[in-house]
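Engineer: Sequence isn't available, so here's the structure alone:
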Ligand code: GTP
């Protein structure tokens, strides 16, 4: 069953002077094999496609005109969200036949852009940033482009963005081993529409490696909006699991989730046998079955999956319709859709099982017990 989108209500005053663009065309290779069947922004997260959380945040800021820049598995987005009216938004789609990269994708949606102020989001960022505050920073500085920045412990895997005392961006250093600051690109930008017109059309362009360094080299005004709200790039299995758990526990904000939040979230039609333990922000999808004495800690169990009696699943994603056999252990793993993991198997430390693969009982072990 397809995930639903919850109840989204807009708290912001509708603002027609701003349009949003969400980049959702990436292949999501780091989340394979889950992204072989679904694009990353459509993976179920706390019971709904990840993108619903981002759309609800944009809607809550009063921005209702949203363009999705699609490429990989483009049709899946329109099939689920349609024209956006169920979310109280106007959604449109622009599809690249060949992926154009993050900058090329922004340029490619230009025909859909009528507003002068364009808010651009990576489609895989879970955040609590105040969208209106980012726009306010952009308008008050008069910048050509404003980049939302967050501070992280290890900036090396991200775009490192130093700024001067006035908050102007002085450099854009994508994935540098020697970061001069802990401020990183949070994957949310405000562009003047005229700047998007300057990006080369019809060829792959990286916004991080080409557009931002190019603007800075030409002395253009690129400004920073730094904040300390919740932020997580959901691109890896570790981050996806953590972000999902944070949504379930209420650590990560989402206007799409209402009601109290706790240690686990069990969706309709799922069965949880007596003695099963669900903790750590575990999510159990629709129609999934959890056996007696199974222990799930920070598990993301997609719809229709089965966790048999006594199995242990920790910080792992179990794909649609997969089965984890009795007393098996999955820790820090990704199990593809429909895979079948035999009894007593042990899959640890980043193990990834491809869709439909069957591992016989006791077939993979890290220990020598029988
Ligand atoms: P990895 O392959 O795991 O790096 O994931 P990814 O393909 O999603 O790339 P990345 O996380 O760097 O992309 C950041 C955001 O830009 C994601 O929301 C992607 O969907 C999106 N994106 C990346 N490349 C393209 C592209 O060529 N076209 C479009 N439309 N979106 C893209």
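Structural biologist: Yep, it's here. Quick caveat: nothing in here was measured; it's all calculated off a predicted structure. Numbers count the residues shown, from 1 in each chain.
Engineer: and the nearest residue to residue 64 once chain neighbours are set aside, what does it touch?
Structural biologist: Ranked by CB to CB, 6 or more residues apart in numbering and with sequence neighbours excluded, the top spatial neighbour of residue 64 is residue 89, at 4.7 Å. All C-beta spots, glycine's among them, are computed from the backbone N, C-alpha and C. Shown in contact with residue 89 (CB atoms under 8 Å, 6 or more residues apart in numbering): 55, 58-59, 64-66.
Engineer: so what's the residue nearest the centre of the chain up against?
Structural biologist: With distances taken as CA atoms, centre = their mean, residue 124 lies nearest the centre of the chain, 2.7 Å away. By CB under 8 Å, 6+ apart, the contact set of residue 124 is 26, 28, 40-41, 50, 187, 233-235.
Engineer: And those, which two are furthest apart?
Structural biologist: The distance between the two most remote of the contacts of residue 124 (CB to CB) is 14.1 Å, for 28 and 187.
Engineer: circling back to that earlier point, looking at the contacts of residue 89, which are in helices?
Structural biologist: The helices, defined by DSSP state H, take in 55, 58-59 from these.
Engineer: From the residues you listed, pick the one nearest residue 194.
Structural biologist: Nearest to residue 194 among the ones in helices among the contacts of residue 89, with distances taken as CB to CB, is residue 58, at 22.2 Å.
Engineer: and the gap between the closest one and residue 50?
Structural biologist: 14 Å (CB to CB, to the nearest Å).
Engineer: So those two - more neighbours on which side?
Structural biologist: Between residue 58 and residue 50, counted using other CB atoms under 10 Å, residue 50 has the larger neighbour count: 28 against 23.
Engineer: So which bits of the stretch 1-150 of the chain are right by the ligand?
Structural biologist: Applying CB under 6 Å from any ligand atom, one finds that the stretch 1-150 of the chain approaches the ligand through 23-30, 40, 69-71, 96, 99-102, 105, 122-124.
Engineer: picking that back up, ranking the contacts of residue 89 by neighbours, who comes first?
Structural biologist: residue 55 (31 neighbours).
Engineer: Enumerate every residue touching that residue.
Structural biologist: 8, 22, 66, 81, 84, 87, 89, 256.
Engineer: Swap in 6 Å and give it another go.
Structural biologist: Counting by CB atoms under 6 Å, 6 or more residues apart in numbering, residue 55 touches residue 87.
Engineer: what does residue 261 give?
Structural biologist: Contact analysis of residue 261 by CB under 6 Å, 6+ apart lists 248-250.
Engineer: Quick one, which of those residues are buried?
Structural biologist: 248-249 (16 or more other CB atoms under 10 Å).
Engineer: which one of the contacts of residue 261 is nearest the ligand?
Structural biologist: Closest approach to the ligand among those (CB to the nearest ligand atom): residue 248, at 22.1 Å.
Engineer: Now residue 126: which helix or strand?
Structural biologist: Assessed by DSSP states H and E, residue 126 sits inside strand 125-127.
Engineer: ok, now residue 80?
Structural biologist: Residue 80 belongs to helix 75-81, assigned by DSSP H and E.
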